[in-house]
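Q: Quick one: sequence plus predicted model below, questions after.
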Amino acid sequence: MNEVNAVMPNRARFKEICLGERSGEVSLIDWFHRGWLETIDNWIVEGAPAEITNQDTYNDYFQLDHLHALQEIISEHNRADLKELDTQSLVSVHVTPPVMPVFDIEIISEDERHRVETTYGGVTVEVNKEHPWRMPKYLDRPVKDWATWKEYKKRLDPDTPERWPADWPTYVESMNAKDAPTMLLLEGYFGPLREWTGLEELIYLFHDEPDLVEDMMDQVLHLSLTMAKRVLKDLRIDCVRFWEDMAYRSGPLISPDMFRKFMLPRYRVITDYLRSEGIEILHVDSDGDATELIPLWLEVGVNFPWPLEVAAGMDAIALRKKYGRDLILSGNIDKRAFLEGKDSIRNEVMSKVPYLLETGSYFPCLDHAVPPDVKLDDFRYYVNLLRDIGGLDRLPE
């Protein structure tokens with residue numbers, strides 16, 4: 001067994017893997033191995049302990065390494081509805097945007113199968129009551145024009161007290177005492193706007209109301225920069241994540257030229273600041289085929305794309321050969337391989353992971369969150385296969 005690899009990775013080891021200084025080592029990060037709630041429910045039925053809804057138990061059960069995301073600070077859309085400081089629950093009631101105060105959840109109509117409601121972010125959705133964790137049907141968005149934006153913008157004030165943990169000194173002391181790497185969550189410059197306006201509406205706004213789009217992006221930058229400065233003043237941060245989701249199967253949702261015009265200048269402001277504070281690991285979450293956007297992100301120092309979806313044509317080996325260790329990679333293990341059994345899983349893993357590990361700066365994981373059709377036995381097989389590659393002990397029976 002590799003004794004170095006057997007120890008829970010601390011900040012230094014996480015950074016060294018990111019920066020290519022520990023080629024060949026396997027680190028299975030919990031942040032990249034999260035399952036949908038329905039997945040976890042299925043696994044409990046299949047024999048996993050009911051306690052795996054708790055993050056610590058989940059990590060222990062699958063022997064995952066912890067990357068602590070600062071979800072207690074309301075700085076981007078993916079914060080779960082968690083009240084305790086440094087909570088370890090995998091279960092959240094709603095995913096919330098970075099608005100403060102949040103909107104009241106209001107049930108508009110309901111029948112046996114569906115419920116129409118407004119969310120914390122002011123979006124009207126239709127939820128499938130049998131599968132409430134699936135993507136809802138979006139019916140209405142809060143931002144439609146300058147007037148609605150000016151009202152919504154009031155909820156994006158970085159200085160709103162409720163945006164921060166109430167006992168900040170205690171929170172800082174608790175976070176800084178941890179040895180696990182810590183990640184600050186910030187908004188991107190396309191993803192949140194799409195949530196506020198709707199995708200088709202946003203695309204039209206780029207053409208019809210570019211000043212409105214720029215004002216929304218400027219507010220995101222103000223929110224992110226102000227919060228990052230306060231956080232980095234008190235907390236030690238190892239990496240920063242931007243959420244975008246701005247690509248689909250055939251490529252980005254806006255052209256690289258539009259990205260360069262609207263988004264790149266704002267990215268440059270925030271990333272220049274982060275790098276001036278010593279943050280070298282800048283992670284971006286975008287589904288779909290983001291191949292054309294990667295050189296633009298790299299231009300401003302965003303060097304860690306995920307999830308590299310195979311169905312959209314993303315190819316981690318090709319990216320490694322093109323960009324070398326300028327890119328930190330994670331993902332690109334095709335989740336569809338799990339539909340065909342263990343031989344398919346093994347072929348998928350062995351066709352990519354050994355090469356990517358040897359070339360460094362790679363964290364193996366699926367190309368998105370673990371879907372509900374992945375069986376517990378197959379997922380344990382996958383984890384053990386990766387542990388075998390890394391010279392780690394297998395999971396306990």
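A: All right, it came through fine.
Q: how much space is there between Thr39 and Ala48?
A: 10 Å (Cβ to Cβ, to the nearest Å). C-beta coordinates here come from the backbone N, C-alpha and C atoms, glycine included.
Q: wait, Val123
A: 33 Å.
Q: same deal with Glu126?
A: 31 Å.
Q: those strands in the stretch 51-200 of the chain, which residues are they?
A: 68-69, 79-80, 95-96, 106-110, 114-118, 124-128, 137-140, 182-187 (DSSP state E, counting those that start in this stretch).
Q: so which of those strands is the most packed in?
A: Ranked by mean neighbour count, those are led by strand 182-187 with a mean of 23 (mean count of other Cβ atoms under 10 Å).
Q: Please verify my assumption that Gly313 contacts Asp289.
A: Yes: checked against Cβ atoms under 8 Å, the pair Gly313 and Asp289 is within contact range at 4.9 Å.
Q: which one is Arg346 nearest to, not counting chain neighbours?
A: Leu385 (6.2 Å; Cβ to Cβ, 6 or more residues apart in numbering).
Q: Next up, the contacts around the one you found.
A: Leu385 makes contacts with Ile345, Arg346, Val349, as judged by Cβ atoms under 8 Å, 6 or more residues apart in numbering.
Q: Can you check which residues contact both of Gly313 and Asp289?
A: Joint contacts of Gly313 and Asp289 (Cβ under 8 Å, 6+ apart) are Arg249.
Q: higher neighbour count, these two?
A: Asp289 (20 against 14; other Cβ atoms under 10 Å).
Q: and the residue lying closest to that one once chain neighbours are set aside, what pLDDT?
A: Nearest non-adjacent residue to Asp289, counting by Cβ to Cβ, 6+ apart: Ala312, 4.1 Å away. On the pLDDT scale, Ala312 is placed at 97.
Q: ok, now Asp272?
A: 98.
Q: sec struct for it, please.
A: When classified by DSSP: H, G, I helix; E, B strand; the rest coil, Asp272 comes out as helix.
Q: just the helices in the stretch 51-200 of the chain please.
A: 55-62, 146-153, 168-176, 191-197, 199-208 (DSSP state H, counting those that start in this stretch).
Q: In the first one, which residues are buried?
A: Of the residues in helix 55-62, those buried by neighbour count under the rule 16 or more other Cβ atoms under 10 Å are Gln55, Thr57, Tyr58, Asn59, Tyr61, Phe62.
Q: now those in JSON lines, with pLDDT and distance to Leu329?
A: Listed next are the buried residues of helix 55-62 as JSON lines, based on pLDDT from 0 to 100; distance: Cβ to Cβ, whole Å:
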{"residue": "Gln55", "pLDDT": "88", "distance to Leu329": "24"}
{"residue": "Thr57", "pLDDT": "95", "distance to Leu329": "29"}
{"residue": "Tyr58", "pLDDT": "96", "distance to Leu329": "24"}
{"residue": "Asn59", "pLDDT": "95", "distance to Leu329": "22"}
{"residue": "Tyr61", "pLDDT": "97", "distance to Leu329": "26"}
{"residue": "Phe62", "pLDDT": "98", "distance to Leu329": "21"}
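Q: out of the helices of the stretch 51-200 of the chain, deepest packed?
A: Counting by mean count of other Cβ under 10 Å, helix 191-197 has the highest mean neighbour count of the helices of the stretch 51-200 of the chain, with a mean of 24.
Q: what sits up against that helix?
A: 76-77, 97-98, 121, 123, 141-144, 149, 152, 202, 205, 213, 216-217, 220, 243-246, 253, 286.
Q: which of those are buried?
A: Buried among the contacts of helix 191-197 by 16+ other Cβ under 10 Å: 76-77, 97-98, 121, 123, 141-143, 149, 152, 202, 205, 213, 216-217, 220, 243-246, 253, 286.
Q: rewinding a little: so can I have CSV of the helices of the stretch 51-200 of the chain showing distance to Trp31?
A: Shown next, in CSV, are the helices of the stretch 51-200 of the chain (distance: least, Cβ to Cβ, whole Å):
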stretch, distance to Trp31
helix 55-62, 10
helix 146-153, 29
helix 168-176, 16
helix 191-197, 17
helix 199-208, 26
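Q: Asp334 is nearest to which of these?
A: Minimum separation from Asp334 across those (Cβ to Cβ) falls at helix 55-62, 19.4 Å.
Q: all strands of the stretch 201-350 of the chain, in order?
A: Using DSSP E, counting those that start in this stretch, strands in the stretch 201-350 of the chain cover 239-243, 247-248, 251-252, 281-285, 304-306, 329-330.
Q: most packed of these?
A: Mean neighbours per residue, mean count of other Cβ under 10 Å, is largest over these for strand 329-330, with a mean of 26.
Q: In terms of secondary structure, what does it contact?
A: strand 304-306, helix 316-323, strand 362-363 (3 or more Cβ pairs under 8 Å, 6 or more residues apart in numbering; DSSP states H and E).
Q: So for that strand, mean pLDDT?
A: 98.
Q: That strand pairs with which strands, and in what direction?
A: With DSSP bridges as the test, strand 329-330 is paired with strand 362-363 (parallel).
Q: can you give me the mean pLDDT across the helix or strand following the partner strand?
A: Downstream of strand 362-363, the first helix or strand assigned by DSSP states H and E is helix 376-389. For helix 376-389, mean pLDDT is 98.
Q: Output helix 376-389 as CSV, restricted to C-alpha atoms.
A: Extracted in CSV, the C-alpha atoms of helix 376-389 (Å, rounded to 0.1, in the frame of the first residue of the first chain):
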residue,chain,number,x,y,z
LEU,A,376,-24.2,0.6,-5.2
ASP,A,377,-22.2,-2.6,-6.0
ASP,A,378,-21.0,-1.0,-9.3
PHE,A,379,-20.0,2.2,-7.6
ARG,A,380,-18.0,0.3,-4.9
TYR,A,381,-16.4,-1.7,-7.7
TYR,A,382,-15.4,1.6,-9.4
VAL,A,383,-14.0,3.0,-6.2
ASN,A,384,-12.0,-0.2,-5.5
LEU,A,385,-10.6,-0.1,-9.1
LEU,A,386,-9.3,3.4,-8.6
ARG,A,387,-7.9,2.5,-5.2
ASP,A,388,-6.1,-0.5,-6.8
ILE,A,389,-4.6,1.8,-9.4
